[in-house]
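K.L.:
Sequence and predicted structure are below.
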Amino acid sequence: MTRIRNRRRWAALPLLAVLASGCGANLAPYEAPARTGLDDPTGATRHVGVCYNALFTKPDEVRGVAADACGLDGAPRLLGQDVRLACPFLTPTRATFACTAD
């Protein structure tokens, strides 16, 4: 019985290594698809999403990624945040921004 338990533990190690490498250890925020169906009072034509880890990421970092994504289309204005399957496990929170002219 003990031998079987030890084999299972050793068999689980490669699986954990693959899962860890697939998710990556990068917790930096990054551009992602924006959430659709949000009420947008700004009337902006361009929306961007930013996936991030709420425990390790500062709001200025998230806004900076959104500003880079908006580029010349305007300044980012936060429309909402959600935790859905749109972002990976290590960066589960998504913020959706409207690129506004002001």
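P.N.:
On my side now, so go ahead.
K.L.:
In this structure, where is pLDDT below threshold?
P.N.:
Applying pLDDT under 70 to the chain flags residues 1-25.
K.L.:
got the residue ranges for the strands in it?
P.N.:
Here the chain has its strands, by DSSP state E, at 30-32, 47-52, 75-83, 93-100.
K.L.:
Check the offset of the longest one from the chain's centre.
P.N.:
Yep, that's strand 75-83 we're talking about. Centroid separation between strand 75-83 and its chain, computed with CA atoms, centre = their mean, to the nearest Å, is 12 Å.
K.L.:
So which elements touch it?
P.N.:
Strand 75-83 sits against helix 59-70, strand 93-100, with contacts defined as 3 or more CB pairs under 8 Å, 6 or more residues apart in numbering; DSSP states H and E. (C-beta placed from N, C-alpha, C; glycine too.)
K.L.:
how about it: buried residues?
P.N.:
The neighbour-count check on strand 75-83 (16 or more other CB atoms under 10 Å) flags 76-77, 79 as buried.
K.L.:
quick one on the thing from earlier: tell me the most buried of the helices and strands packed on strand 75-83?
P.N.:
strand 93-100 (a mean of 23; mean count of other CB atoms under 10 Å).
K.L.:
could you check the angle helix 59-70 makes with it?
P.N.:
50 degrees (axes from the mean of the first three to the mean of the last three CA atoms, to 10 degrees).
K.L.:
Any idea which of the helices and strands packed on strand 75-83 gets closest to Ala44?
P.N.:
When these are compared by CB to CB, strand 93-100 sits nearest Ala44, at 3.7 Å.
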